[in-house]
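Sharing a model that was predicted from the sequence below.
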Amino acid sequence: MKILTLILSLYCTVSGQLVINHNNTRLPTNTLEIKNMFKIHYAHTSHGYQIVRGLFELEKSPTYNVNITAGALSFEENALCILDGQSNGETYILPEKYWSGEAGLNLTRNTLNTYRAINISEWAWCVQLDTWGASYITVYLNNMSALEDEFPNVTFIYMTGNAQATGSEGFNRYLRNQQIRNYCIAHKKILFDFEDLDSWWFNPSTNLWEQATTSYNGVTFPVEHPQFYGYSQGGHATLESCVQKAKAYWNMLAILYDSSLPVNIVNFDYILNENKITLIWNTSTEVNNAGFEIYKSLDNKDFTLLSSYKDNDGLMGGNFSDKHYYSFADKINNNTWYRLYSVSYNGEVEQCGHLAVEFIKPNIYPNPFRNYVNIEISEPYRVYIYDILGRNMGKIDKQEKWGESVSNGIYFYQTILNDKIINSGKIIKIK
């Protein structure tokens, strides 16, 4: 098995369609609108339960509250409501109980007709792709497409299968997943790439993504990352693997929610360096968008206008069907909140982004230092230290003396929270 490392990125879209993979594991912070908009039908067997298990784990924070009910759809307020299985009460849903054959299709039709509020439907693979041929996958793709035509108000999510099998079965699984992936890209479908999420793991020690691969007959392909080996923790995987998929699921819903707006924000994020913050966002489409306005608050209650397209050409919008990129720089020295609004040509205002920026800096003293430097940081933040060549020189979790064994020179630190750089700076050792 080989492990490939990759620097973290954020979102992955291809030619207008959506592919959800390991690049989509950042949780949205504002979920109330998502919960209000979507009512979900999710059919699966044991491997697909990994998403459910991960959603339950994330639910420890009320922001990600879910109501997952077997065979029925709840309408609980402030919860992501999911019908688990089919409306006849069955929850272990093989292909013949969702998309394979007329009987399976009828079970799905009955669920969608019984609960007309459902606007997302999906089915997850078990191990069928280890042995099934291309013709079976063509039936899956054709029948999913037929359901889309039959229920135009429902968004159907396609899925690849897990990445656990190796050898000849693993290679067959890889080929069938690639068949699904290619179809979704070519036909502008929405794909939840389960195989990709199985094979990539974010290493907190290096701040890099690692992909596990294996080979068969000279062909290298993805395989489940060893960090996720844990058959009994949730749907044949570790809890960490389940949570990674659940994060991607929430991320997918956030993107789908944004795509329903006249201005489709692909992401709204920031880069923080010392006391300077750069807000960054990009759009995939804009319809009658005069431009953007940015509001700022120091208490998350009272927001004041910071900048507007009316006096900042960099915030002007338009009518676009391709990606457009925007940025705005500001200075901060405390916890700060930002709201992003789009304004249409006729004056309609739509909030399309909200960011909470935690301004947490480690206590580093003395700096510069001669023998050692004290570094203090509160949990759950971590401080990583690098030399001028980018080599990792240490990690600080709480409080530590650092630097006794390093050479004189300049070092760089990064404060990290949830895989994101909160701030950075220099540490200098002198003679």
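Perfect, I can see it now. All values reported here derive from a predicted model rather than from experimental measurement.

Okay, domains of this protein per the record?
Here the domain parsing of the chain from automatic domain parsing is 2-259, 263-357, 363-429.

Mind putting these into CSV with mean pLDDT and mean neighbour count?
All C-beta spots, glycine's among them, are computed from the backbone N, C-alpha and C. Output for the domains of the chain, formatted as CSV (pLDDT from 0 to 100; neighbours: other Cβ atoms under 10 Å):
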stretch, mean pLDDT, mean neighbour count
domain 2-259, 91, 18
domain 263-357, 87, 16
domain 363-429, 88, 15
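
Check whether residue 172 sits in a helix, strand or coil.
Going by DSSP: H, G, I helix; E, B strand; the rest coil, the secondary structure assigned to residue 172 is helix.

correct me, but it touches residue 131?
Yes. Using Cβ atoms under 8 Å, residue 172 makes contact with residue 131 at a distance of 6.5 Å.

wait, isn't residue 357 in contact with residue 272?
Yes. The pair formed by residue 357 and residue 272 meets the contact definition of Cβ under 8 Å, at 6.7 Å.

Mind listing the shared neighbours of those two?
Jointly contacting residue 357 and residue 272 under the rule Cβ atoms under 8 Å, 6 or more residues apart in numbering are residue 332.

where's residue 112, which helix or strand?
Following DSSP states H and E, one finds residue 112 within helix 101-114.

how far out from the middle of the chain is that helix?
Centroid separation between helix 101-114 and its chain, computed with Cα atoms, centre = their mean, to the nearest Å, is 30 Å.

Can you tell me what sits against it?
So helix 101-114 is contacted by 41, 43, 83, 86-88, 90, 95-99, 118, 121, 143, 146-147, 150-151, 154 (Cβ under 8 Å, 6+ apart).

In its sheet, which strands sit next to the very next helix or strand once past that helix, and in what direction?
Using DSSP H and E, the helix or strand that directly follows helix 101-114 along the chain is strand 120-123. Sheet pairing of strand 120-123 (DSSP bridges) gives strand 39-43 (parallel), strand 155-159 (parallel).

List the contacts of strand 120-123.
Counting by Cβ under 8 Å, 6+ apart, 38-44, 48, 93, 95, 98-99, 108, 111-112, 147, 151, 154-159, 192, 256 sit against strand 120-123.

Tell me the gap between that strand and the middle of its chain.
Relative to its chain's centre, strand 120-123 lies at 18 Å (Cα atoms, centre = their mean).

can you check stretch 140-158 too?
23 Å.

Keeping just the C-alphas, turn it into CSV.
C-alpha atoms of stretch 140-158 as CSV (Å, rounded to 0.1, in the frame of the first residue of the first chain):
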residue,chain,number,x,y,z
TYR,A,140,-28.2,1.8,-12.1
LEU,A,141,-27.3,5.0,-14.0
ASN,A,142,-30.2,4.7,-16.4
ASN,A,143,-32.8,4.0,-13.7
MET,A,144,-31.5,6.9,-11.5
SER,A,145,-31.8,9.2,-14.5
ALA,A,146,-35.3,7.9,-15.1
LEU,A,147,-36.3,8.7,-11.5
GLU,A,148,-34.9,12.2,-12.1
ASP,A,149,-37.2,12.6,-15.1
GLU,A,150,-40.2,11.3,-13.2
PHE,A,151,-39.6,13.4,-10.1
PRO,A,152,-38.3,16.8,-11.3
ASN,A,153,-38.7,18.4,-7.9
VAL,A,154,-36.4,15.9,-6.3
THR,A,155,-32.6,16.1,-6.4
PHE,A,156,-31.1,12.6,-6.8
ILE,A,157,-27.6,12.0,-5.4
TYR,A,158,-25.4,9.5,-7.2
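
Now residue 194: phi and psi?
phi -60, psi -40 (degrees, to the nearest 10).

Surely it touches residue 161?
Yes. At 6.1 Å, residue 194 counts as touching residue 161 under the criterion of Cβ under 8 Å.

who touches both of the two?
Common neighbours of residue 194 and residue 161 (Cβ under 8 Å, 6+ apart) are 47, 125.

Excluding chain neighbours, what is closest to residue 378?
Nearest non-adjacent residue to residue 378, counting by Cβ to Cβ, 6 or more residues apart in numbering: residue 360, 7.2 Å away.
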